[in-house]
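# Structure here, sequence nowhere to be found:
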């Protein structure tokens, strides 16, 4: 089956995931995480992409970005990946690839899913049982978005800014969102959209993308339809 072409659009948030080759580790020491973030900042500046949330896990990364010009997104990933792989190969006397050949991406309807996507990204270490509180994991945007820790790489999205009249109100409102678990349906929707490289949003969002690209794009559940048990599953 041919791979679905990725869709990147000007000014629309994009959830990106890049995994280590064969799901092998891509970070081995604290200096590795710091180096990746250094080159991430440089790549963001070169491509004029705005970063809203991120997490660096042992064998993969999540980024939530909004590109001013969609055509620069591959350049962002290629530039960042090349610099980081060169650093890893040099540091650990290795050769060859580090990342899977293709990154996964999903357009995100901001008004419906942006904050849910940010929570999904920043809760990765909690779901992986690495920490009990996202604030306890260092390599994520949570401390900046929720606690006000300076992070020059981040550019808050207007949806985030609308959470309050000032930084303190926004951070408090954002922390409150983490008081409840993400619904299982939201997690499943985010994962399905990423797996299929499809948009994440409602029918109006899909229609907008179709109008802009001439292609109907929508994530489709695989296999049999899920049975509605009448209960709200939580993660």
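Arrived safely, thanks for sending. Just so we're clear, the structure is a prediction, and the values are computed from it rather than from any experiment.
# which strands and helices sit next to the helix or strand hosting residue 207?
Element membership for residue 207 (DSSP states H and E) is helix 203-213. The contact analysis (3 or more C-beta pairs under 8 Å, 6 or more residues apart in numbering; DSSP states H and E) places helix 203-213 against no helix or strand. The way it works is simple: take the backbone N, C-alpha and C, and place the C-beta from them, glycine included.
# Run through who's touching it.
Outside of helix 203-213, the residues within contact range by C-beta atoms under 8 Å, 6 or more residues apart in numbering are 7, 9, 107, 109, 112, 199, 215-218.
# Next, give me the two most distant ones among the residues you listed.
The span of those, defined through C-beta to C-beta, is set by 112 and 215 at 20.4 Å.
# of the two, who's got more company?
Taking neighbours as other C-beta atoms under 10 Å, residue 112 and residue 215 compare with residue 112 leading, 15 against 10.
# Burial check on residue 42, number of neighbours?
Using other C-beta under 10 Å, residue 42 is surrounded by 14 other residues.
# right, I mislabeled it, should have said residue 148
Residue 148: 12 neighbours (other C-beta under 10 Å).
# Tell me if I'm right that it and residue 169 touch.
No: Residue 148 is beyond contact range of residue 169, at 11.3 Å (criterion: C-beta atoms under 8 Å).
# What's the mean pLDDT across the helix holding residue 207?
For helix 203-213, mean pLDDT rounds to 90.
# Buried residues in that helix, which are they?
Residues of helix 203-213 classed as buried by neighbour count (16 or more other C-beta atoms under 10 Å): 205-206, 208-209.
# How about stretch 143-157?
Going by 16+ other C-beta under 10 Å, stretch 143-157 has these buried residues: 143-146, 153-154, 156-157.
# Point to the helix or strand of this structure where mean pLDDT is at its lowest.
Among the helices and strands of the chain, helix 203-213 carries the lowest confidence by mean pLDDT, DSSP states H and E, at a mean of 90.
# End to end on stretch 174-186, go ahead and measure it.
17 Å (C-alpha to C-alpha, to the nearest Å).
# Give me the buried positions along it.
Quick answer for stretch 174-186 (16+ other C-beta under 10 Å): 174, 178, 182, 186.
# Check the offset of that stretch from the chain's centre.
With C-alpha atoms, centre = their mean, to the nearest Å as the basis, stretch 174-186 stands 16 Å off its chain's centre.
# Kindly report the same for stretch 26-34.
Counting by C-alpha atoms, centre = their mean, stretch 26-34 comes out at 19 Å from the chain centroid.
# Mind giving me the packing neighbours of the longest helix along the chain?
Assignment by DSSP state H gives helix 73-92 as the longest helix of the chain. Contacts defined by 3+ C-beta pairs under 8 Å, 6+ apart place helix 73-92 against strand 14-19, helix 30-47, strand 60-67.
# any idea of the mean pLDDT in that helix?
Mean pLDDT, helix 73-92: 95.
# Mind listing residues that contact it?
Contacts of helix 73-92 (C-beta under 8 Å, 6+ apart): 8, 14, 16, 18, 26, 28, 31-32, 35-36, 39-40, 42-44, 46-47, 49, 65, 67, 94-99, 103, 105.
# Give me the average confidence score over the very next helix or strand once past it.
The helix or strand immediately downstream of helix 73-92 is strand 104-107, counting by DSSP H and E. The pLDDT scores in strand 104-107 average 96.
# in strand 104-107, what counts as buried?
For strand 104-107, the neighbour count (16+ other C-beta under 10 Å) marks 104-107 as buried.
# ok, back up a step: so how far is the helix holding residue 207 off the chain centroid?
In this view, helix 203-213 has its centroid 21 Å away from the chain centroid, taken as C-alpha atoms, centre = their mean.
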